[in-house]
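Novice: Everything below, folded, please.
(one chain, ligands or ions: 1)
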Amino acid sequence: MKLAAAALALLTGLLTASAQNAPGKLERTRLFGNDYIRLTDWAAAYHFQMFWTRRNEEVQLASSWSKLDFTLDSHKAGINGVTVYLSAPVAVRNGAVFISLLDLQTTVQPVLFPPKNKVSAPILSVCLDPGHGGRDPGNKESRRQEKEYTLLLAREVRDWLSGAGLKVTLTRNGDNFVPLPHRPEIAKQRDADLFVSLHFNAAIAEKDQIKGVEVYCLTPAGASSTNARGDWPDSDAKRLVER
Ligand SMILES: [Zn+2]
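Specialist: Presented below is the predicted three-dimensional model:
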């Protein structure tokens with residue numbers, strides 16, 4: 001199962017480390033209306049070595065257990081080989097590289113230093129949302145329609161999660177049309193702790209060039225969405241991981 005494989009791959013190789021040097025204590029610089037931290041300061045606080053992989057273009061932070069890749073003037077970054085899209089671009093000022101505090105706090109550090117035994121609100125119930133349905137077929141490849149596969153996947157994931165003791169509900173369990181705004185509403189009504197919408201995305205690419213899983217998550221407050229197509233005008237979905 002691709003989804004589970006991606007989640008496991010992301011966690012593999014991530015060792016918990018002491019995060020007592022909260023990045024908020026490091027010196028801040030205001031760029032593009034956001035608080036930024038000098039990457040060398042963060043690297044020193046968290047015991048990473050920093051070096052250029054492409055002079056003035058790409059920089060890498062490495063420790064004995066982790067590797068971070070950043071591209072200047074870009075949202076695209078890498079955490080242990082997994083592509084991650086940051087909320088704000090990495091920037092350079094007077095030869096120094098800066099990363100937004102928000103990205104350190106909401107993306108980089110939660111992945112590198114997941115909280116241990118400190119989950120304040122454990123996830124007990126999950127609402128799975130099979131994308132599309134009814135008059136909305138989703139992506140089409142010849143006669144195959146995305147809506148059929150999202151439902152099959154949702155049922156399979158439901159069985160897995162139920163088997164693990166979670167309460168699971170679906171936003172649809174047949175070929176019916178559910179408007180987008182209704183879907184998170186259903187999750188709310190059923191008191192779900194987590195809402196997961198399942199899709200099979202398509203891209204124009206050479207065969208075998210694109211593979212793996214994309215995960216979008218809610219953008220942190222104050223950050224703009226990376227949903228470039230803009231077909232969900234009210235969505236704050238942010239692309240987080242791709243591999
Ligand atoms: Zn879709």
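Novice: So which residues on this protein come close to the ion?
Specialist: 131, 138, 199 (C-beta under 5 Å from the ion). Every C-beta, even on glycine, is put in place using the N, C-alpha and C of the backbone.
Novice: What about the residues you listed, which one has the most neighbours?
Specialist: Neighbour tally across the residues of the chain next to the ion (other C-beta atoms under 10 Å): the maximum, 24 neighbours, falls on residue 131.
Novice: so who does that residue touch?
Specialist: 138, 146, 147, 150, 197, 198, 199, 200 (C-beta atoms under 8 Å, 6 or more residues apart in numbering).
Novice: most neighbours, which of the residues you listed?
Specialist: residue 147 (25 neighbours).
Novice: so what's the backbone phi/psi at residue 167?
Specialist: phi -90, psi 130 (degrees, to the nearest 10).
Novice: sorry, that was for residue 216
Specialist: phi -110, psi 140.
Novice: So what's the model's average confidence on the biggest helix by length in the chain?
Specialist: Ranked by residue count under DSSP state H, the longest helix found in the chain is helix 146-163. For helix 146-163, the mean per-residue pLDDT is 98.
Novice: Run the chain-centre distance for that helix.
Specialist: Here helix 146-163 is found 21 Å from its chain centre; the criterion is C-alpha atoms, centre = their mean, to the nearest Å.
Novice: can you pull the buried residues of that helix?
Specialist: Buried positions in helix 146-163, judged by neighbour count with 16 or more other C-beta atoms under 10 Å: 146, 147, 148, 149, 150, 151, 153, 154, 157, 158, 161.
Novice: residues contacting whichever residue of the chain sits closest to the ion?
Specialist: Closest residue of the chain to the ion, C-beta to the ion: residue 199 (3.4 Å). By C-beta under 8 Å, 6+ apart, the residues touching residue 199 are 131, 132, 138, 146, 150.
Novice: Against which helices or strands is the helix or strand residue 99 falls within packed?
Specialist: Using DSSP states H and E, residue 99 falls within strand 96-100. Here strand 96-100 touches strand 28-31, strand 34-38, helix 39-45, strand 91-93, going by 3 or more C-beta pairs under 8 Å, 6 or more residues apart in numbering; DSSP states H and E.
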